[in-house]
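Novice: Quick one, what's the 3D model for this:
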Amino acid sequence: MDRDTGHVKLKVESPADVVDMEARTSTFCGTPEYMSPEILKGEEYGPSTDIWSLGTVLYEALTGLPPFYAEDVQSMYMKIIEAELQFPKDMDEDCKDLLSKMLAKSPKDRIDMAGIKAHPFFSRINWDSISNISQTKKTYDESNYFDESCRIRTLQEQRIYVSDFGTITLYSPFTSSLLFVLSDVPEEKRYEAYSKLKTSEDYSVNPSMYIEVGLLLLSHNSPLGLRVLSNIVEIELENPQMLRTVGYILMSNTSADYSDQILRIFKKVLKIRPEEPQSYRDLALNFIRIGLKNPSKQRKYFQKAIKLYNKILEKAWDIRFTQIEVIAISELNRLRNHLLHSENLQVHSLASHIDKRITFSIHMDIRVVIQWDTDLSDIELHVVEPNDEVCYVFNNKTSNGGLLSKDFTRGYGPEEYIIRNATRGVYQLFCYLRSAQNNRYGNTILVSIWLNYGNPTNEKEYFIVRRLEQLNTYQQICELHATN
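Specialist: Below you'll find the model as predicted:
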C-alpha cells in the first residue's frame with residue numbers, strides 16, 4: 001500500500017509490453033481458465049483476447065467460478081471453444097449483456113475497451129477519476145513503499161551448453177526462501193546450516209528442501225550434495241518416487257560421475273515396480289548412456305539395454321501405458337546406429353540382436369523427452385517453434401515438421417517431441433502440470449534433450465531436472481537456439 005495516498009500498489013517482477021493494437025501472435029500461453037477460444041484453436045490473436053480474459057475475471061468475481069470451468073482441463077478447453085455461456089438466474093441484465101459481448105466466441109464479435117467503458121453496467125463509474133490518479137512509481141522495480149519482508153527475491157541461474165548445432169540456455173528460477181538463506185551462507189558452512197534446518201518440522205519430511213539443497217551443493221561440486229539427496233530416500237523407504245527423483249537429479253549432474261549410484265537406484269526401482277514399463281526404460285536408457293562413455297563396458301551394458309527394451313515390446317501392459325512401445329522402438333534404433341558405427345566387432349555384432357522387423361534409419365535434429373516421478377499425474381510438454389507455432393497435445397503436428405507423441409495422462413510419461421529437419425531459430429520448451437491425483441511431494445521432471453539424435457559421430461545429450469508443484473502452471477525449461 002502507498003503510505004502517502006492509501007492506494008494499493010501492485011509490483012510485477014516482469015513488466016508487460018504495450019504492443020501495436022493491430023499486431024497478431026500465435027504463441028500458446030496463459031492460465032487455462034482464462035484462455036480464449038482462438039488461443040486454444042491455435043489461431044492468430046490480438047488485443048481482443050485480453051477482453052475475453054477480462055470477461056472471465058469479471059464472471060468469476062461475480063459468481064465464484066470461471067464461466068467454463070471444469071475439473072478436467074481438456075473438458076474445460078472444449079467448453080471454452082464450444083459451450084454456450086450460462087448465467088445465474090439472479091444476474092443483472094446489464095451484466096449479462098456485457099459478459100455476453102466480452103465472452104463472444106469470435107474475436108470479431110467481441111466488445112472493445114471503449115465499448116466496455118461506455119456500457120450501462122459501468123454507468124456509475126467515473127473513468128477519468130480512476131485513470132488520472134497520479135503515479136508515484138517511477139520504474140517497475142522501484143519498491144520504496146514496500147516493507148523489506150514483503151519483497152520478492154529471485155535467483156536466476158542460466159547455464160549455456162554449446163554444440164555444433166547451436167546453444168541451449170537453461171532457465172532455473174529459484175524462489176524458495178530456503179535457497180536464498182543458504183546462498184548467503186559461506187560455502188564451507190552450508191552443510192552445517194542445512195543440518196540445522198533439517199531438524200525443523202517444516203522441512204524434515206519435505207523432499208523439495210533436500211532437492212534444492214542437494215542441487216545447490218552439487219552445482220558447486222560439493223560431494224555433500226549426494227549425502228543430502230540420500231535423505232530423500234529416507235523420507236519413505238522403498239518409495240519409487242523418491243528413488244526416481246534422486247536418479248533423475250544425478251543423471252542431470254555433470255560435475256561428477258555417479259554412474260554406479262544411478263544404476264543401483266534404477267535397478268531397485270525395477271525390483272519394486274516391475275509392472276511399470278517406465279522402470280525398464282529408465283534402466284535401459286542409463287545402460288546406454290553410461291556405456292557410451294565407457295568403451296570397456298559397452299558390450300555388457302548395451303546387451304542389457306536391448307533385453308530391457310525387448311521386455312517393453314513383448315509384455316502386455318496396462319492400457320494407460322499404451323504406445324510406450326513407440327518410444328522404446330525409437331531408442332532401440334538409436335542404439336542400433338551406435339552399434340553399427342562401433343569398430344569393436346563384439347559391440348557391432350549386437351545390432352543383430354534387435355528384431356529386423358522394427359529397425360529403420362533414424363535421425364532427428366532435435367529430440368526432447370519428458371518423464372516424471374509421479375503416478376496418476378499428467379504433465380505436458382509444449383514446444384514453441386521459431387515461427388511461434390506451438391506443438392502440444394491439441395496441435396501435435398506442426399507445419400515445420402514437429403511431432404509430439406501420445407499424451408500420457410495417468411503418470412510417468414514419457415512424452416516426446418521430435419523434428420527431423422529443424423529450421424533455424426529459437427525453440428522454447430515449457431512443461432505444464434495439468435493434473436496430479438497425489439501431489440503430496442510435488443513432481444520432479446527429467447527433461448532429456450538430444451541434438452543430432454541417432455548420429456553416432458556428433459550426437460549430444462543433455463538432462464535437465466525441474467520441479468512442478470502447483471496445478472495448472474507452466475515452467476519454462478530452456479531455449480534451443482538452432483544456428484546450423
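
Novice: Check which helices and strands whichever helix or strand Asn286 is part of is in contact with.
Specialist: Assigned by DSSP states H and E, Asn286 belongs to helix 277-293. In terms of contacts (3 or more CB pairs under 8 Å, 6 or more residues apart in numbering; DSSP states H and E), helix 277-293 is packed against helix 240-252, helix 259-272, helix 298-314, helix 324-341. Where you see a C-beta, it was placed from the backbone N, CA and C, and this is true even at glycine.

Novice: Among those helices, which comes closest to Gln470?
Specialist: Counting by CB to CB, Gln470 lies closest to helix 240-252 out of these; the figure is 17.6 Å.

Novice: angle of the closest one against helix 259-272?
Specialist: Calculated by axes from the mean of the first three to the mean of the last three CA atoms, to 10 degrees, helix 240-252 forms an angle of 150 degrees with helix 259-272.

Novice: Buried residues in helix 240-252, which are they?
Specialist: Across helix 240-252, burial judged by 16 or more other CB atoms under 10 Å covers 240-252.

Novice: Over to stretch 213-225?
Specialist: 213-218, 222, 225.

Novice: Please produce TSV containing these, extended by secondary structure, distance to Val393 and pLDDT.
Specialist: Putting these into TSV (DSSP: H, G, I helix; E, B strand; the rest coil; distance: CB to CB, whole Å; pLDDT from 0 to 100) gives the following:
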residue	secondary structure	distance to Val393	pLDDT
Val213	helix	34	81
Gly214	helix	32	83
Leu215	helix	29	79
Leu216	helix	34	77
Leu217	helix	36	81
Leu218	helix	33	82
Ser222	coil	40	75
Gly225	helix	35	85
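
Novice: what comes into contact with the helix holding Asn286?
Specialist: Applying CB atoms under 8 Å, 6 or more residues apart in numbering, the external contacts of helix 277-293 come out as 240, 244, 247, 251, 259, 262-263, 266-267, 269-270, 272-273, 297-298, 300-302, 304-305, 308-309, 311-312, 315, 317, 321, 324, 327-328, 331, 335, 338, 371, 412-414, 461.

Novice: how about a cut-off of 7 Å?
Specialist: 259, 262-263, 266-267, 269-270, 273, 297-298, 301-302, 304-305, 308-309, 311-312, 317, 321, 324, 328, 331, 335, 338, 371, 412 (CB atoms under 7 Å, 6 or more residues apart in numbering).

Novice: Pull out the buried residues from these.
Specialist: 259, 262-263, 266, 269-270, 273, 298, 301-302, 304-305, 308-309, 311-312, 321, 324, 328, 331, 335, 338, 371, 412.

Novice: Walking through the stretch 1-150 of the chain, point out its helices one by one.
Specialist: Assigned by DSSP state H, counting those that start in this stretch, the stretch 1-150 of the chain shows helices spanning 37-40, 48-63, 73-82, 93-102, 113-118, 127-131.

Novice: Buried deepest among those helices, which one?
Specialist: The highest average neighbour count among these, using mean count of other CB atoms under 10 Å, belongs to helix 37-40 at a mean of 20.

Novice: tell me which of the buried residues of stretch 213-225 is nearest to Met91?
Specialist: For the buried residues of stretch 213-225, with Met91 as the reference and CB to CB as the criterion, the closest is Leu215, at 49.9 Å.
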